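Participant: Next come a sequence and a model predicted from it.
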Amino acid sequence: MKSFALRENAYAKVNLALDILGKRADGYHDLKTMMASVSLCDYLEITLTPCADGRERFAAESNNPALPTDDNNLAVKAARMFFLAAGVAGYEVHIRIEKRIPVCAGLGGGSSDAAAVLRALSSRFPMPESILESLALNLGSDVPYCLRGGVCLAEGRGERLTPLPSLPDCHIVLTVPPVRVSTAAAFQSVVVPAMKTDWVLLTDALRRRDIAAIAGYMKNSFPDVHSDARECLRRAGALGTVMSGSGPSVFGVFHDEAIANQAVRKLRAIFLNTFLTKPV
Ligand code: C5P
């Protein structure tokens, strides 16, 4: 048998709205969040080579030297878990990740890489959807969403998914202030706020494909990590701005492409990691 490669894009996500409902007995928090995939993505190439000694090996390689190359890399963990569950053995698995999504930014980059590995491997070694979903949840609360992508309402830890209509045509400017956020620490210190998202109005705006109304109902229970970033986006003409996940990334929604482009130029002068994206 010869070696072969599987290629998959891993898209970033943004949280259009995120309510923390309360702490659970298992240490996690119950959430209600609306997520959307955007065009910013990592590129993955998974090469499988049959190994002569019949023992499997897993490793990753990336253009970002900060990324672990062993089992501490969520993509490697995903591959190992998949092979165990599928009963597949005897391959050397090499995952090359061209990293474009900033890490520890609230954009689901690591979760999306892991989900992309599960998607790619299941295209070659068929796996029941329910097992794939439970593998995904074992890897992280956002991985089940990343497996599916698009616009979804996610509840529970983030694994109870309801697919929603896609976003209307718009431009999403993402900016990542240079602050590293630990999701676990952010959850630990969060005070569950009384003010919650108006889900009826937000979902209705999504169904009506009214981007200005959608942008107006965006909300996040986590306090802003960097308040200036949202202010800059607002001043640059965003219809609405909000932090994504536990931050520090913030994004602004724009209807007009020229204004979005101008906003990127303005924001980039302050925050180098600024991206012009579209919903996917
Ligand atoms: O599931 P994941 O490993 O991505 O979560 C990272 C950390 O974020 C968890 O260890 C937990 O402390 C926190 N978390 C939470 N409630 C969630 C999701 C994550 O408290 N629904």
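Facilitator: All right, it came through fine.
Participant: Not counting the strand or helix carrying Glu231 itself, show me its contacts.
Facilitator: Assigned by DSSP states H and E, Glu231 belongs to helix 227-235. By C-beta atoms under 8 Å, 6 or more residues apart in numbering, the surrounding residues in contact with helix 227-235 are 173, 175, 177, 224, 241-243, 248, 250-252, 263, 266-267, 270-271. Every C-beta, even on glycine, is put in place using the N, C-alpha and C of the backbone.
Participant: which bits of the stretch 101-250 of the chain sit near the ligand?
Facilitator: Residues of the stretch 101-250 of the chain lying close to the ligand (C-beta under 6 Å from any ligand atom) are 140-142, 157-158, 183-184, 187.
Participant: among those residues, who's most crowded?
Facilitator: Neighbour counts for those peak at Asp142, which has 29 neighbours (criterion: other C-beta atoms under 10 Å).
Participant: Now do the same contact list for that residue.
Facilitator: Taking C-beta under 8 Å, 6+ apart, one finds 13, 35, 108, 111, 154, 158, 245 in contact with Asp142.
Participant: From the contacts of helix 227-235, which land in strands?
Facilitator: 173, 175, 241-243, 250-252 (DSSP state E).
Participant: any idea which strand is longest in the protein?
Facilitator: strand 29-50.
Participant: Pull that strand out as PDB, backbone CA atoms only.
Facilitator: Provided in PDB are the C-alpha atoms of strand 29-50 (Å, rounded to 0.1, in the frame of the first residue of the first chain):
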ATOM      1  CA  HIS A  29     -20.700  26.000  32.200                       C
ATOM      2  CA  ASP A  30     -24.100  25.700  30.500                       C
ATOM      3  CA  LEU A  31     -24.100  28.000  27.500                       C
ATOM      4  CA  LYS A  32     -26.300  29.300  24.800                       C
ATOM      5  CA  THR A  33     -24.400  30.600  21.900                       C
ATOM      6  CA  MET A  34     -24.900  31.400  18.200                       C
ATOM      7  CA  MET A  35     -21.800  30.600  16.200                       C
ATOM      8  CA  ALA A  36     -20.900  31.300  12.500                       C
ATOM      9  CA  SER A  37     -17.900  30.100  10.400                       C
ATOM     10  CA  VAL A  38     -15.900  32.700   8.600                       C
ATOM     11  CA  SER A  39     -13.500  32.400   5.700                       C
ATOM     12  CA  LEU A  40     -10.300  32.800   7.700                       C
ATOM     13  CA  CYS A  41      -9.000  29.200   7.800                       C
ATOM     14  CA  ASP A  42      -6.100  26.900   8.600                       C
ATOM     15  CA  TYR A  43      -5.000  24.500   5.800                       C
ATOM     16  CA  LEU A  44      -4.400  20.900   6.900                       C
ATOM     17  CA  GLU A  45      -2.700  18.100   5.000                       C
ATOM     18  CA  ILE A  46      -2.900  14.700   6.600                       C
ATOM     19  CA  THR A  47      -0.400  12.100   5.100                       C
ATOM     20  CA  LEU A  48      -1.000   8.500   6.000                       C
ATOM     21  CA  THR A  49       1.900   6.100   5.300                       C
ATOM     22  CA  PRO A  50       1.500   2.400   6.000                       C
END
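Participant: can you offset everything so residue one is 52?
Facilitator: Fine by me, first position is 52 from now on; the one you just mentioned is strand 80-101.
Participant: so who does Glu112 touch?
Facilitator: When contacts are counted by C-beta under 8 Å, 6+ apart, Glu112 touches 120, 145-148.
Participant: Mind giving me the PyMOL select for the residues you listed, buried ones only?
Facilitator: Paste this into PyMOL to select the buried members of the contacts of Glu112, with burial taken from 16 or more other C-beta atoms under 10 Å:
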select buried, resi 145+146+147+148
